[in-house]
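Enquirer: My questions are about this predicted structure, shown below with the sequence.
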Amino acid sequence: MTGGDATVAEQLAAVSADAWDHIAMTLTRLTGDRELAEDCVQDAFARALVRWPVDGVPGKPMAWLMTTARNRAMDRARRALVEAQKLRLIAREAAREPPDLVADAELIADDRLEMLFACAHPALPIEAQVALSLSSLTLLSAAEIADAFLVSERTMRQRVFRAKQRLRRVGAPLLPREQDLPMRLPAVLHVLYLMFNAGYGGIGADGPVHESLLDEALRLGRVLVDLMPDEPEAAGLLSLMLLHDARRGARRHQREFVPLFAQDRSRWNRAEIADGLALADRAARAGRTGPFQLRAEIAACHDSAPSYAETDWWRMSLLFGQLARVDSFASVIPCQSLAVGSADSPEVGLLIVTGPPGQKTAGPDDGRHPTVGGTPPLAPRYQLLPGIRGYLLRLSGLLAESADAYREALDAAASIAQFRAELLGPRASFEAS
């Protein structure tokens, strides 16, 4: 680094103490997205390190940084809008030919939901459908979308690029006909679930870092249930989101994340819980059980319990066992092990996450239902897994092994602040299920 570069770096460091938080909070108010704001501030400081040694330090450094960060945020928002508009133009153009394949223009009244169904084109594998939807219709970065799929950012960028190329070569219209909706529904449900989790799971100092996505997922979930009232999985997903969102006000206290077991349940939204339970019951009456219905029933076990200690762990362990057989989502098995550990013993819970695939765990001798094993392989770097393993090891008295697992969990954790709170009581991991 030259002397001039060092001087610029020093001046930038002096400005950053006041500028960083001020600019981030201003952008958060403008965009409603704390994480996007932080990314744009970081980009502005990086650009300053490149430009200031060449152009000179501006007379008003903070104003320069604010303008650069704001322009970056506008670019990202514009890019998301342009992607959505491009997809809509492609869909409308394709829908003009042939006439017998034209989708009913009034079939899906909500533009954003319509584009989710357009992205869920059967010419694409479901992973590509979901990735394309998140990339085109949200402000999530490629890295954030990659994290949701537990793949590298490069892999995710390639997946989205190939999906776009494939859609350009599709001859049939992208917009679905009414009879196509059920076939495209699974991808749309998965997108809404990931949107909701991006807001609900990303807890920052001032609340969810993607709260706008959380609210949009709830809105679209309601529109989807109105559009497809006879689809139990649509009702199951909306039920799941409502039952989790009902706890939003209790998940933070004095800017700190509050694990589920420590939450003040009097702060839960009882109206949302009632709506969520009614939707879960409605979905169950259809007699076609799916993964979102099972997740909603698990959430209902928590929301219906008077206290954490009075949770029906046996029912939850059985529900997680059913879910593990129909859903390969990475959090299922770790959370199943916690339910089993609470219903039976920590040692039996450990068998779920450490035993060989296909091993059945033995139930107690008191006539209660045995716990369910036979779990699929787990993603080795999924941060929830070592944290839960550490918790169960600690309860089993294996303190050295527990400490090793906790260290592994911290290394893998995407959100250190939230995970530090979860380490105080990893039972809170159920809240993400």
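Expert: Thanks, I have the structure now.

Enquirer: Now do residue 394: how many residues are near it, please.
Expert: When neighbours are defined as other C-beta atoms under 10 Å, residue 394 has 17 of them. All C-beta atoms are positioned from the backbone trio N, CA, C, and that covers glycine.

Enquirer: Okay, it and residue 259: tell me how far apart.
Expert: When distance is defined by C-beta to C-beta, to the nearest Å, residue 394 is 15 Å away from residue 259.

Enquirer: now swap in residue 297 and tell me
Expert: Taking C-beta to C-beta, one finds residue 297 at 21 Å from residue 259.

Enquirer: what does residue 185 give?
Expert: 33 Å.

Enquirer: same question, residue 400
Expert: 24 Å.

Enquirer: neighbour-wise, which of the two wins?
Expert: Neighbour totals were compared for residue 400 and residue 259, and residue 259 leads with 20 against 8 (other C-beta under 10 Å).

Enquirer: Show me the domain layout of the chain.
Expert: The chain is divided into the following domains under automatic domain parsing: 3-82, 312-433.

Enquirer: Go through these and find the least confident stretch.
Expert: With a mean of 64, domain 312-433 has the lowest mean pLDDT of the domains of the chain.

Enquirer: Is there a neighbour count for residue 136? I'd like the number.
Expert: Neighbour tally, residue 136, other C-beta under 10 Å: 24.

Enquirer: where's it, which helix or strand?
Expert: Using DSSP states H and E, residue 136 sits within helix 126-137.

Enquirer: Under a three-state scheme, what state does residue 59 occupy?
Expert: coil (DSSP: H, G, I helix; E, B strand; the rest coil).

Enquirer: Check residue 44 too.
Expert: Under three-state DSSP, residue 44 comes out as helix.

Enquirer: measure the spatially most central residue of the chain to residue 147 for me?
Expert: Nearest to the mean C-alpha position of the chain, counting by C-alpha atoms, centre = their mean, stands residue 197 at 2.8 Å. Counting by C-beta to C-beta, the gap from residue 197 to residue 147 is 11 Å.

Enquirer: just residue 324 next, same as before
Expert: Note on residue 324: its distance to residue 147, by C-beta to C-beta, is 22 Å.

Enquirer: repeat for residue 56
Expert: Residue 56 sits at a distance of 39 Å from residue 147 (criterion: C-beta to C-beta).

Enquirer: Export only the CA atoms of the helix or strand harbouring residue 48, formatted as PDB.
Expert: Assigned by DSSP H and E, residue 48 belongs to helix 34-55. Taking Å, rounded to 0.1, in the frame of the first residue of the first chain, the C-alpha atoms of helix 34-55 are listed here in PDB:
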ATOM      1  CA  ARG A  34     -31.400  -4.400   6.900                       C
ATOM      2  CA  GLU A  35     -29.200  -7.000   5.200                       C
ATOM      3  CA  LEU A  36     -29.500  -5.300   1.800                       C
ATOM      4  CA  ALA A  37     -28.500  -2.000   3.500                       C
ATOM      5  CA  GLU A  38     -25.400  -3.600   5.100                       C
ATOM      6  CA  ASP A  39     -24.300  -5.100   1.800                       C
ATOM      7  CA  CYS A  40     -24.700  -1.700   0.000                       C
ATOM      8  CA  VAL A  41     -22.700   0.100   2.700                       C
ATOM      9  CA  GLN A  42     -20.000  -2.400   2.500                       C
ATOM     10  CA  ASP A  43     -19.900  -1.900  -1.300                       C
ATOM     11  CA  ALA A  44     -19.700   1.800  -0.900                       C
ATOM     12  CA  PHE A  45     -16.700   1.600   1.400                       C
ATOM     13  CA  ALA A  46     -15.000  -0.900  -0.900                       C
ATOM     14  CA  ARG A  47     -15.500   1.500  -3.800                       C
ATOM     15  CA  ALA A  48     -14.100   4.400  -1.800                       C
ATOM     16  CA  LEU A  49     -10.900   2.500  -1.300                       C
ATOM     17  CA  VAL A  50     -10.600   2.200  -5.100                       C
ATOM     18  CA  ARG A  51     -11.800   5.700  -6.100                       C
ATOM     19  CA  TRP A  52     -10.500   8.000  -3.400                       C
ATOM     20  CA  PRO A  53      -6.800   7.400  -4.000                       C
ATOM     21  CA  VAL A  54      -7.400   8.300  -7.700                       C
ATOM     22  CA  ASP A  55     -10.000  11.100  -7.400                       C
END
